[in-house]
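Q: Quick one, structure for this:
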Amino acid sequence: MAFGLVVFLLIGLSIQARAQFQCPEEKGFFPDPEQCDLYYVCLNGRAEEKLCKDGLVFRDDNPKKELCDIPANVPCGNRQLLQEPQPTKGCPRANGYFKHEDPAQCDRFVNCIDGVATTMPCPPGLIYEDKMSSCVWATDASRSCHSLRDVLDDGFSCPEENVTGPDGRILPHPTYPHPVDCAKFYICRNGVQPQKGQCEPGTVYNEETFRCSEPENVPGCEDYYKGKN
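A: Prediction:
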């Protein structure tokens with residue numbers, strides 16, 4: 001009985017504290033001082049308690065707007081309390097962006113909307129950073145990424161090393177020669193996403209210039225078009 005009485009008193013005190021929220025203005029949307037996903041709608045000086053969807057928190061930068069956003073976009077400051085999570089399969093909370101449960105899938109993330117998880121890919125060359133709830137370059141990430149690289153149907157995948165162009169700069173979308181066909185080549189978008197390439201008729205791929213050029217300028221491909229219609 002004593003324990004139940006204490007719990008009852010604590011709940012009562014919490015409700016009383018919330019009921020004492022004073023609207024700073026007659027009209028507007030204002031944050032709870034302790035809980036980041038709790039806010040109040042003030043109308044004619046009277047406050048009505050509201051709660052963001054699980055996983056979202058209240059943006060307090062404009063009292064004229066009622067907006068809940070992902071935590072990465074909202075500096076909660078001292079408002080560290082949150083509602084109890086409502087997890088589902090793949091979703092630590094009902095709403096928000098979260099890292100993939102498979103560490104090898106570091107270039108993918110999970111988008112949760114009302115408890116429904118959808119796996120999303122990062123743009124080529126980027127990995128998911130949980131602290132920022134966004135995809136970033138590997139140099140800006142807090143973890144290393146060893147995800148499996150895409151492989152084309154002929155077995156080609158993008159090498160991990162950087163490729164330097166004729167001017168000494170690292171190529172953002174390096175190209176590679178085809179092993180047997182002089183007029184074909186491969187493109188690695190952002191260095192990681194492989195794609196097949198084809199030179200214009202009459203030209204072949206030159207791996208020294210990373211461009212298609214006249215066959216006579218590419219050793220071993222001089223006679224590529226001879227005998228072809």
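
Q: which regions of the protein sit below the pLDDT cut-off?
A: 1-19, 146-149, 229 (pLDDT under 70).

Q: Which stretches in it count as helices?
A: 2-19 (DSSP state H).

Q: Correct me if wrong: residue 209 contacts residue 165.
A: No. Using Cβ atoms under 8 Å as the test, residue 209 is too far from residue 165 to be in contact (9.1 Å). In short, each C-beta sits where N, CA and C put it, glycine included.

Q: Pull the contacting residues for residue 184.
A: 178, 196-199, 205 (Cβ atoms under 8 Å, 6 or more residues apart in numbering).

Q: Next, the contact list for residue 45, please.
A: For residue 45, the contact set (Cβ under 8 Å, 6+ apart) comprises 23, 26.

Q: how deep is residue 162 tucked in, by neighbour count?
A: Burial of residue 162 is recorded as 11 neighbouring residues (other Cβ atoms under 10 Å).

Q: nearest to residue 94, of the contacts of residue 184?
A: Of all the contacts of residue 184, residue 94 sits closest to residue 196, with 41.6 Å by Cβ to Cβ.

Q: Tell me the bridge partners for residue 31.
A: On the basis of DSSP bridges, residue 31 is bridged to residue 39.

Q: Please report how far residue 184 lies from residue 158.
A: Residue 184 sits 16 Å away from residue 158, taking Cβ to Cβ, to the nearest Å as the criterion.
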